[in-house]
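**Student:** Here is a sequence with its predicted model. Questions after.
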Amino acid sequence: MFNVLVVEDDPMVAQLHEHYLSQISGFRFGGLARNGADALKMLEKKNFDLIILDVFMPGMDGLQFLAKVREKGYDVDVIMVTAANDNDKIKQGLRLGAVDYIIKPFEFERFNLALSNYQNRHRIVEDQNMLQQEQLDKAIIHQEKVNMTTLPKGLDKHTLMVVWEKICSFEGMFSTEEVSTKVGISRVSIRKYLEFLKDIGLLKLDLHRGSVGRPVYKYLCVDKKSDLLNVYTH
């Protein structure tokens with residue numbers, strides 16, 4: 001069981017982290033720190049296997065905290081959480097030993113992928129006395145090369161175009177449920193198409209507080225006139 005420390009100053013995002021961790025086997029929410037200074041105090045008193053680390057925090061930011069962690073020699077892995085336009089900070093974090101990064105805003109699928117990859121890498125490295133090159137490559141790279149002009153498994157070209165057509169009919173932001181209603185297929189299936197469109201840059205995902213205070217994700221179409229989908233559907 002991996003003991004996880006969440007370092008996050010936004011209460012809503014911290015709540016999401018804790019909720020997501022409760023749904024992933026093999027991981028336990030071990031504590032929350034609102035800033036880097038508090039996180040360092042927690043590391044002095046308790047052992048953690050993994051830190052989910054936000055970059056932007058008051059006082060000591062995530063990168064300064066990570067540098068302190070390495071300086072003090074704590075045996076703990078770090079997954080960074082940052083914004084999409086923070087390329088320099090992502091590079092700095094990776095140089096400081098972050099094993100992965102999650103770009104805000106994100107949904108459970110990406111969070112789960114980061115932790116599953118971490119779990120798999122740890123198992124491969126820890127359980128083998130002698131590693132083969134192929135095993136080591138998978139453990140470090142943790143993502144197979146994908147033909148970027150091929151739709152991910154489970155997505156259909158015709159359905160993708162129907163989903164895109166309905167998306168283009170929205171003015172402003174929209175939810176997974178709204179697209180599901182227009183297209184007539186389940187929210188689970190629709191979410192796969194929306195995540196693909198987000199991954200290739202046609203949608204943005206934003207986090208909002210719902211009517212009962214719970215976080216709600218909504219999408220926004222970035223470019224309705226884009227012909228990027230032609231690569232995947234022809």
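**Tutor:** Thanks, I have it. Keep in mind that what you see is a predicted model, and the values were worked out from it rather than measured.
**Student:** Give me the distance between residue 78 and residue 33.
**Tutor:** 13 Å (Cβ to Cβ, to the nearest Å). Every C-beta, even on glycine, is put in place using the N, C-alpha and C of the backbone.
**Student:** Just give the number of residues close to residue 193.
**Tutor:** 25 (other Cβ atoms under 10 Å).
**Student:** the helices in this structure, which residues?
**Tutor:** Assigned by DSSP state H, the helices in the chain fall at 11-21, 36-45, 62-72, 87-95, 108-127, 133-141, 157-168, 176-183, 187-199, 230-233.
**Student:** how many neighbours does residue 230 have?
**Tutor:** Residues near residue 230, counting by other Cβ under 10 Å: 9.
**Student:** Over to residue 50?
**Tutor:** Residues near residue 50, counting by other Cβ under 10 Å: 24.
**Student:** in this structure, which helix or strand is least confident?
**Tutor:** Lowest by mean pLDDT, DSSP states H and E among the helices and strands of the chain is helix 133-141, with a mean of 53.
**Student:** ok so, going back, now the weakest link among the helices of the chain, please, by mean pLDDT.
**Tutor:** Mean pLDDT values for the helices of the chain show the minimum at helix 133-141, a mean of 53.
**Student:** For the nearest residue to residue 59 once chain neighbours are set aside, give me phi and psi.
**Tutor:** Using Cβ to Cβ, 6 or more residues apart in numbering and skipping the chain neighbours, the partner closest in space to residue 59 is residue 35 (5.2 Å). Taking degrees, to the nearest 10, you get phi -160, psi 170 for the backbone angles of residue 35.
**Student:** any idea of the pLDDT on residue 35?
**Tutor:** 92.
**Student:** Neighbours of it, how many?
**Tutor:** 18.
**Student:** quick one: residue 113 from residue 20, how far?
**Tutor:** 11 Å.
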